[in-house]
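In: Give the three-dimensional model of this entry:
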Amino acid sequence: LAEIAHQEITEISPLNTAIETMEKKNRELRILIDSYRSKKDQNANPLTMILNGTVDAVVMGGIKKYEEAFFNVDYFRNNPGDGDSILYLKRVIIDQVDILQDGIDLHGRICPENVRPLHEHIMEQYDKMRQDTSCYRRELGITPGTPGYRNSLRTSTINSSSSLNRYNSTLSRNMRSRTSMISVASAEDSSASITAGSAGGRRGGGG
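Out: From the prediction side, this is the model:
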């Protein structure tokens, strides 16, 4: 019998598990929605089931569970190194909100009349989901109108770690940009104060 020379066990944290679960659902939604763009057979049943199941699950407690588990002061106090991962999970949630919007728009065009009541239910549940997550969108500064934003949703994220690294790099650049803007503004204010002081001194000397 061959002996095991080396064994490595990788433990995935509950937070990373939540991220991977959301990313997996986002990929599933996007693949199905995109498949309808090339289909001649517009059978709405698969789309109806995934939209209804996803929206109901979120509204009935999916996001609340994340808030109770991760989006609170106690968790951050005990896990200060998870700040970027928490932001990334919120970003993935917002991605799902916008992917669902695409799916619901498509569903409204292809669903038969006898499914209309269910479509209305999906829309009502989706509106609740969008309202519940609007604070994440404001926190992250994400708007659907941002150039290239919709296209970015089509890129399926396969590895949570690499996705998080890319997000962290973008976040760092944004923070450096904001810091730079603040520094420039402070320098301009200081320069204006020095100029005003010098002018006042010359006026005083001239008097």
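In: Kindly list the single helix or strand of the protein that scores lowest on mean pLDDT.
Out: helix 149-153 (a mean of 43; mean pLDDT, DSSP states H and E).
In: Could you list the residues in contact with the strand or helix carrying residue 46?
Out: If you go by DSSP states H and E, residue 46 is part of helix 45-57. Here helix 45-57 makes contact (CB atoms under 8 Å, 6 or more residues apart in numbering) with 25, 28-29, 32-33, 36, 96, 100, 103-104, 106-107, 110-111, 115, 118-119, 121-122, 125-126, 129. Glycine gets a C-beta too; all of them are placed from N, C-alpha and C.
In: ok, the residue nearest to residue 82 when sequence neighbours are not counted - contacts?
Out: With sequence-adjacent residues excluded and distances taken as CB to CB, 6 or more residues apart in numbering, residue 82 is closest to residue 15, at 5.7 Å. By CB under 8 Å, 6+ apart, the residues touching residue 15 are 69-70, 79, 82, 85-86, 89.
In: can we see that at 7 Å?
Out: 70, 82, 85, 89 (CB atoms under 7 Å, 6 or more residues apart in numbering).
In: Highest neighbour count among those?
Out: residue 89 (24 neighbours; other CB atoms under 10 Å).
In: Select only the buried ones of the contacts of helix 45-57 in PyMOL?
Out: Burial among the contacts of helix 45-57 is assessed by 16 or more other CB atoms under 10 Å; the matching PyMOL selection reads:
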select buried, resi 25+29+32+33+36+96+100+103+104+106+107+111+115+118+119+122+125+126+129
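In: hmm, back to that, can you add secondary structure, pLDDT and distance to residue 134 and give the contacts of residue 15 back as JSON lines?
Out: JSON lines is the format used below for the contacts of residue 15 (DSSP: H, G, I helix; E, B strand; the rest coil; pLDDT from 0 to 100; distance: CB to CB, whole Å):
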{"residue": "70", "secondary structure": "coil", "pLDDT": "95", "distance to residue 134": "18"}
{"residue": "82", "secondary structure": "helix", "pLDDT": "94", "distance to residue 134": "23"}
{"residue": "85", "secondary structure": "helix", "pLDDT": "94", "distance to residue 134": "21"}
{"residue": "89", "secondary structure": "helix", "pLDDT": "95", "distance to residue 134": "16"}
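In: of all these, which two lie farthest apart?
Out: 82 and 89 (9.4 Å; CB to CB).
In: Render the CA-only coordinates of stretch 55-63 in PDB, please.
Out: What follows is stretch 55-63, C-alpha atoms only, in PDB (Å, rounded to 0.1, in the frame of the first residue of the first chain):
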ATOM      1  CA  VAL A  55     -36.000  35.700  -4.900                       C
ATOM      2  CA  ASP A  56     -38.200  33.900  -2.400                       C
ATOM      3  CA  ALA A  57     -35.100  32.400  -0.600                       C
ATOM      4  CA  VAL A  58     -33.500  35.800  -0.300                       C
ATOM      5  CA  VAL A  59     -36.600  37.700   0.900                       C
ATOM      6  CA  MET A  60     -37.500  34.900   3.300                       C
ATOM      7  CA  GLY A  61     -34.200  35.200   5.200                       C
ATOM      8  CA  GLY A  62     -31.200  34.700   3.000                       C
ATOM      9  CA  ILE A  63     -29.700  38.200   3.400                       C
END
